[in-house]
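Asker: let me see the structure of the following:
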Amino acid sequence: MSNIPGRSTASHQHSPSLWSNHDYVLFWSGQTISSVGGSISLLAFPLLTLTLTGSALQASLVTAFRTLPRLFCLLFAGALVDRWNRKWVMMICDIGRTASVLSIPLVFLSGHLTIWQLSINALLEGTLQSFFEVAYSSGLAQIVRSDQLSSAMAQEEVVEGITGLLGPALSGALFSVMSGLLPFLADAISYSVSIVTLSLIRTPFQLPRMPKRRHLLHEICEGFVWMWRQSVLRAMNSINSVVALVVPGSTVVILVVARQQHATPLMIGIIMACGGVGAVLGSLLSPFGQRFLTVGHSILVVRWVFALAWPLYAFMPHPLLLGVVEFIIGFADPFEDVPYFSYRLAIIPDALRGRVISACRLFTSLSNPLGLVITGWSLEHLGATHTILFGSCVLCVTALIISCTASLRNAKHADGV
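Answerer: Okay, here's the model as predicted:
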């Protein structure tokens, strides 16, 4: 793997364990807990909306409000995170998110909770999350050694797996108690834990910056231009903008299909948790996959798994069998994410890291909410089967494009893997 600006790059043979890094343990554990909390409320938002309104479209709209801020915030988040103290950005975002999710049960108990309130909370949550995630991803490369990036990214996939495993299951169980208020209380507690762990980290989250600054828009463009000149990043971001029209809607698809099959909130949580089980196993096995597959080959294999597994959502006769599809997709995902994200993080200079990561995420920032709205409309007007099969066609086309794109097929780390 190529070296990046940041912490020292001692040889792999004498590299200490990732878990001997006290600051990384705090960084990872705090993010794990807050991610689980965020996943609990992520499912609770559409569940509560469906309970209040019975409308799949409104549930999709509330979920879309949580992803919509990416479109606007990511234009500035990367440049600002590269200027500001990344650690303080993360802590302020956690404080804001704690206050936001706590307001939901408080307003509900007063008898004045509305869909507009949930939409505003979702919008605020998404705004703060946009800044938090850019600061987190940018700071990670400073917390760990450059030769440990792949291991650190594998642990990020473990976090995603744990989140997918515990979040939905806990959300379904907690939602059944106290009229659906406990998921939001649990999320607030998780953000509070993250604030504490971040405050204990001593390692700087960025290299020292030159005091001279240019116009903000110039710095934003600098990150976008750098990203666009990288053929692998350019191709992946373009393809992901199309894929994001389909994949984020899977939660609403499962909610609708499972409810049509008379699944309880707890059962829906178990279905979602199956994806987390697959993600954890995939994260643990993904380092072995990197021994045999390059970055490009990993992307290619995983995208075809997604394309072939997606139509199975439409043909499962029992709600719990939807969990099998979730497991397959969750298991496959880390085999792409670990090599690709470590590759991306390794080639981006620290001074540009926030801006380039924001530029990459900007491609899906419009597709995510648009895809959720399209999914919700399609579920209400065309039905679940047609919605799922249309999504399958989109995923097959994008997998075929990747198969025909040489820069992606041949992508590999500097060490040839």
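Asker: C-alpha only now, for contacts and for neighbours.
Answerer: Will do.
Asker: please report how far Phe72 lies from Asp82.
Answerer: Note on Phe72: its distance to Asp82, by C-alpha to C-alpha, to the nearest Å, is 17 Å.
Asker: out of these two, which sits in the busier spot?
Answerer: Asp82 (23 against 14; other C-alpha atoms under 10 Å).
Asker: what's the burial count for the closest residue to the more buried one other than its chain neighbours?
Answerer: Excluding the flanking residues, the one nearest Asp82 by C-alpha to C-alpha, 6 or more residues apart in numbering is Gly354, at 5.5 Å. The local packing of Gly354 (other C-alpha under 10 Å) involves 31 other residues.
Asker: isn't Gly354 up against Leu75?
Answerer: No - the pair Gly354 / Leu75 is not scored as a contact, 10.7 Å apart, by C-alpha atoms under 8 Å.
Asker: neighbours around His318, how many?
Answerer: When neighbours are counted by other C-alpha under 10 Å, His318 comes out with 13.
Asker: which residues touch it?
Answerer: Gln261 (C-alpha atoms under 8 Å, 6 or more residues apart in numbering).
Asker: gap between Gln230 and Leu47?
Answerer: 41 Å.
Asker: so between the two, which is more surrounded?
Answerer: Using other C-alpha under 10 Å as the criterion, Gln230 and Leu47 rank with Leu47 on top: 23 against 13.
Asker: which SSE is the residue lying closest to that one once chain neighbours are set aside in?
Answerer: What sits nearest to Leu47 in space, not counting adjacent residues and going by C-alpha to C-alpha, 6+ apart, is Ala59, at 7.5 Å. Using DSSP states H and E, Ala59 sits in helix 56-67.
Asker: for Val325, same thing?
Answerer: helix 322-347.
Asker: repeat that for Ala99.
Answerer: helix 86-109.
Asker: let me see the mean pLDDT of that helix.
Answerer: Taken as a whole, helix 86-109 has an average pLDDT of 89.
Asker: buried ones in that helix, by neighbour count?
Answerer: 86-91, 93-98, 100-105 (16 or more other C-alpha atoms under 10 Å).
Asker: what's the first helix or strand after it?
Answerer: Counting by DSSP H and E, what follows helix 86-109 is helix 115-143.
Asker: relative to helix 322-347, how tilted is that next one?
Answerer: Computed by axes from the mean of the first three to the mean of the last three C-alpha atoms, to 10 degrees, the angle separating helix 115-143 from helix 322-347 equals 50 degrees.
Asker: now find how far off-centre the helix or strand just after helix 115-143 is within its chain.
Answerer: The C-terminal neighbour of helix 115-143 among helices and strands, as given by DSSP H and E, is helix 149-175. Distance, stretch centre to chain centre, for helix 149-175: 10 Å (C-alpha atoms, centre = their mean, to the nearest Å).
Asker: can you name the next helix or strand after helix 149-175?
Answerer: helix 182-199.
Asker: what sits up against that next one?
Answerer: Helix 182-199 is contacted from outside by 26-27, 29-31, 33-38, 40-41, 44, 87, 90-91, 94-95, 97-99, 101-102, 104-105, 170-171, 174-175, using C-alpha under 8 Å, 6+ apart.
Asker: please repeat the previous calculation with a cut-off of 6 Å.
Answerer: 26, 30, 33-34, 37-38, 40-41, 91, 94, 98, 101, 171, 174 (C-alpha atoms under 6 Å, 6 or more residues apart in numbering).
Asker: got it, and stretch 22-39?
Answerer: 159, 163, 167, 187, 190-191, 194, 197, 201.
Asker: wait, what's in contact with Leu128?
Answerer: Cys93.
Asker: circling back to that earlier point, what's the most distant pair in the contacts of stretch 22-39?
Answerer: Largest separation among the contacts of stretch 22-39 by C-alpha to C-alpha: Gly167 and Ile201, giving 25.5 Å.
Asker: so which of the two has more stuff around it?
Answerer: Between Gly167 and Ile201, counted using other C-alpha under 10 Å, the more crowded position is Gly167 (31 against 17).
Asker: state the pLDDT value of the more buried one.
Answerer: So Gly167 comes in at 77 (pLDDT).
Asker: show me the contacts for it.
Answerer: Shown in contact with Gly167 (C-alpha under 6 Å, 6+ apart): 36, 39-40.
Asker: state the distance from it to Asn237.
Answerer: Gly167 is 28 Å from Asn237, by C-alpha to C-alpha.
Asker: where does pLDDT dip in the stretch 201-350 of the chain?
Answerer: 207-214 (pLDDT under 70).
Asker: tell me where it has strands.
Answerer: Counting by DSSP state E, counting those that start in this stretch, one finds no strands in the stretch 201-350 of the chain.
Asker: helices of that one, start to end?
Answerer: Secondary structure of the stretch 201-350 of the chain (DSSP state H, counting those that start in this stretch): helices located at 216-228, 231-243, 250-260, 265-292, 295-309, 322-347.
Asker: how about those in TSV, adding mean neighbour count?
Answerer: Shown next, in TSV, are these (neighbours: other C-alpha atoms under 10 Å):
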stretch	mean neighbour count
helix 216-228	17
helix 231-243	18
helix 250-260	20
helix 265-292	23
helix 295-309	21
helix 322-347	24
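Asker: export those helices as JSON lines, with columns for distance to Val134.
Answerer: Below are these laid out as JSON lines (distance: least, C-alpha to C-alpha, whole Å):
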{"stretch": "helix 216-228", "distance to Val134": "13"}
{"stretch": "helix 231-243", "distance to Val134": "16"}
{"stretch": "helix 250-260", "distance to Val134": "24"}
{"stretch": "helix 265-292", "distance to Val134": "22"}
{"stretch": "helix 295-309", "distance to Val134": "23"}
{"stretch": "helix 322-347", "distance to Val134": "12"}
